[in-house]
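**Student:** sequence and predicted model, in that order:
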Amino acid sequence: MNVTRGFTGRARVDNPGLPPGQYDAGDDWPVLSAEVTPDLSPADWTFRIDGLVREPRTWGWDEAHTLPESAYEGDIHCVTSWSKFGVRFGGVSLDAFLDAVGVHASATHAVAYAHTGYTTNLPLADLTGGRAWIAWEYDGKPLAAEHGGPARLLVPHLYFWKSAKWIAGLSLLDHDEPGFWEQNGYHERGNPWEEQRYSGD
């Protein structure tokens, strides 16, 4: 895993916006990746939804940008203990993509997969109802490659490993199927307010 900056030994402060065990990273945005950052241009980026849907579909960069714009303004939290406050991501609500394919009633979970092969699993309920985005802007600028650009999944109410960088697609399932970190000891869901960092938490 490629890691920049340090994550341990930070003093915790009393802040009602901080989930337990977290620290405020301030202006820093630490970079964590399980893989080497890919050389992926917007022209080569695609996003697909398949599995338990009526019409599986793949979007290119320009097609995805025809969907209604949506933004997230709020906080993000990493399992390595840092949090960032008042961030702003721009992109499209995942609901818009899901509406376009038609989700079967039997779908309960999804596996998100990246252009690098990284995977992570999520309950479908964590991806719908305005809770998740495909994001390609950060603070009004194109999302940097080291942070998942040209586009990443954004699920800000869960630990950030669930917000897969370099997102390539979602496969909708009728069961839970662990992804990369979940197979290596991380929690199946990753709720920061319940400190669901590792399996058994």
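**Tutor:** Sure, I can see it. Quantities reported herein were computed from a predicted structural model and do not represent experimental measurements.

**Student:** list the pairing partners of the longest strand along the chain within its sheet, with orientation.
**Tutor:** Longest among the strand segments of the chain by residue count, using DSSP state E, is strand 82-93. Its sheet considered, strand 82-93 pairs with strand 23-24 (parallel), strand 70-77 (antiparallel), strand 133-138 (antiparallel) by DSSP bridges.

**Student:** please work out the average pLDDT along the shortest one.
**Tutor:** In this model, strand 23-24 has a mean pLDDT of 92.

**Student:** the longest one too?
**Tutor:** Mean per-residue pLDDT for strand 70-77: 96.

**Student:** for Arg54, see how far away the residue most central in space within the chain is.
**Tutor:** The centre of the chain sits closest to Ser163, judged by Cα atoms, centre = their mean, with a distance of 1.2 Å. Ser163 is 26 Å from Arg54, where distance means Cβ to Cβ, to the nearest Å. Quick note: C-beta positions are derived from backbone N, CA and C, even for glycine.

**Student:** got it, and Trp82?
**Tutor:** Separation of Trp82 from Arg54 (Cβ to Cβ) stands at 40 Å.

**Student:** strands along the chain, start to end?
**Tutor:** Along the chain, the segments classed as strands by DSSP E run 2-3, 23-24, 32-33, 46-51, 57-60, 70-77, 82-93, 109-114, 119-123, 133-138, 141-142, 152-154, 167-173.

**Student:** show me where pLDDT drops low in this protein?
**Tutor:** Along the chain, segments meeting pLDDT under 70 span 1-14, 201.

**Student:** try it again at 50.
**Tutor:** Scanning the chain with the threshold set as pLDDT under 50 gives 1-13.

**Student:** looking at Trp82 and Arg54, which one has more neighbours?
**Tutor:** Using other Cβ atoms under 10 Å, the more surrounded residue of Trp82 and Arg54 is Trp82, with 22 against 10.
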